[in-house]
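Chemist: show me how the following folds:
(one chain, ligands or ions: 1)
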Amino acid sequence: MDKVRIGMIGSKFAADFHADSHARNPYAEIVAIAALDGLEEYCEKWNVPDSTTDYKELCRRDDIDVIDVCVPNFLHHEVVMEAAANNKQIICEKPLATTVEDAKEMVEFCKKQGVLLFYAEDWVFAPALVRATELIKEGAVGDMLWVKAKEVHNGSHSPFAQQKKYCGGGALFHLAIHPIGFVRYLFGEPVTEVTGWVTGGEDKNFYHKNYTGEDWGACMLKFESGRYAFCEGNYITVGGMDDKVEIYGTEGRLNIDLTFSSPIQAYSRPGFEYAIEKTDTTKHWTWPAVDEFANLGYVEQLRYFIDCVRKNEQPKFGVSAEDGLAAVEICMAAYESAETGKVVKGKF
Ligand SMILES: NC(=O)c1ccc[n+]([C@@H]2O[C@H](COP(=O)([O-])OP(=O)(O)OC[C@H]3O[C@@H](n4cnc5c(N)ncnc54)[C@H](O)[C@@H]3O)[C@@H](O)[C@H]2O)c1
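Modeler: Below is the predicted model of the structure:
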């Protein structure tokens, strides 16, 4: 297969960084897009020749190899099922689905249809985390013991992410799912115990009383070998998106900063257009990102998925459909634990 022909579903935030990544790949081509709004701007910006408001139309087209799912979480299930029914390969943004049942059905149906389903956990491809993983393999920290990781910012731009019925949860589900997926990939083994805490949504939230999902959530994970990880997601952090990972081992430690590690330190009185995701000012001291999409792993992730499609290869551990399912299971176990005050045991 020379060029992989992509049907993009969604036109906004995620669809934009997916398009940016595909534009850097000579083997990727977006042939059409389906979304409810923003079609004209998207087609013009990314040179996409065709558009529709009906995603099912895209799924039926013979000139499309891959459906790239960049719609709100509650639509992942129906779009993936439709794409699989039409024998398309599928890239699905995180989280895989809003319930464990839906995620299981997607995994099983894609397997039955013999189509590839890629779970877009970009942290697996973030260059700093890839380098950290290499250092660990070279023995830099001895035996890994425990990890602390978080994705936090001041609130989602998407109205769908703010409401539990569309999102499937709150900050734990929408943001902490990145560290959860990455640590599981890093340790290379299942989670066996989950303890969770969340603010609880609306009046119980710390700050975002209009969000029905929690605005702060965290979970402690115990892995099969007895190692632990603490993962956090919150919408109460001002000053820009803060993605950090700390890895502790018997012989060393690694501190990784995905979003505040720009080589540029800027001081500006008037400010400028953009520094990093979710900052509300560019005045005074800031750390303007240099290629944010690459730093967060999107570019390499999408190049990898397109490569798998060209070679008809299953995704590796960490970004398979089953890994997407496990991440949903872990989040739901954390919610159960937060509700009951008990540790939830299983094999995720
Ligand atoms: N990996 C990451 O770091 C990351 C970052 C942001 C978002 N995401 C994920 O990407 C997905 C989209 O998030 P977003 O922030 O771009 O959302 P958004 O709210 O900014 O955009 C939603 C898009 O979906 C389209 N849409 C809604 N209903 C539709 C329908 N029935 N048919 C076709 N199109 C429809 C809208 O027209 C819009 O273009 C979510 O699942 C989110 O979790 C991932």
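Chemist: how about the nearest residue to residue 144 once chain neighbours are set aside, what does it touch?
Modeler: Distances taken as CB to CB, 6 or more residues apart in numbering put residue 249 closest to residue 144, at 4.9 Å, once the chain neighbours are dropped. From N, CA and C alone the C-beta is placed, and that goes for glycine too. Listed by CB atoms under 8 Å, 6 or more residues apart in numbering, the contact set of residue 249 reads 136, 140-145.
Chemist: same check, this time on residue 18
Modeler: 8, 68, 70, 91, 298, 302.
Chemist: residue 6 now?
Modeler: Contacts of residue 6 (CB under 8 Å, 6+ apart): 22, 28-31, 64-68.
Chemist: so which of the residues you listed is the closest to residue 83?
Modeler: Among the contacts of residue 6, residue 67 lies closest to residue 83 (CB to CB), at 3.9 Å.
Chemist: who wins on neighbours among the contacts of residue 249?
Modeler: Highest neighbour count within the contacts of residue 249, by other CB atoms under 10 Å: residue 144, with 21 neighbours.
Chemist: over to the residue in the stretch 201-348 of the chain positioned nearest to the ligand: give its phi and psi.
Modeler: Here the stretch 201-348 of the chain gets closest to the ligand at one residue, residue 296, 6.3 Å apart by CB to the nearest ligand atom. Backbone torsions for residue 296, taken as degrees, to the nearest 10, come to phi -80, psi -10.
Chemist: about what we covered before: in a markdown table: the contacts of residue 6, plus neighbour count and pLDDT.
Modeler: Formatted as a markdown table, the contacts of residue 6 follow (neighbours: other CB atoms under 10 Å; pLDDT from 0 to 100):
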| residue | neighbour count | pLDDT |
| --- | --- | --- |
| 22 | 23 | 98 |
| 28 | 24 | 98 |
| 29 | 18 | 98 |
| 30 | 24 | 98 |
| 31 | 19 | 98 |
| 64 | 22 | 98 |
| 65 | 20 | 98 |
| 66 | 25 | 98 |
| 67 | 26 | 98 |
| 68 | 32 | 98 |
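Chemist: near the ligand, which residues of the chain are found?
Modeler: 9-15, 34-38, 55, 70-73, 75, 93-94, 120, 122, 158, 160 (CB under 6 Å from any ligand atom).
Chemist: keep only those of those residues that are in helices.
Modeler: Counting by DSSP state H, the residues of the chain next to the ligand place 13-15, 55, 160 in helices.
Chemist: so how do I select the buried members of the residues you listed in PyMOL?
Modeler: Applying 16 or more other CB atoms under 10 Å to these, the buried members can be selected in PyMOL as follows:
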select buried, resi 14+15+55+160
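Chemist: can I get the ones in helices among the residues of the chain next to the ligand in a markdown table including pLDDT and distance to residue 202?
Modeler: Output for these, formatted as a markdown table (pLDDT from 0 to 100; distance: CB to CB, whole Å):
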| residue | pLDDT | distance to residue 202 |
| --- | --- | --- |
| 13 | 96 | 24 |
| 14 | 98 | 26 |
| 15 | 98 | 29 |
| 55 | 98 | 31 |
| 160 | 95 | 17 |
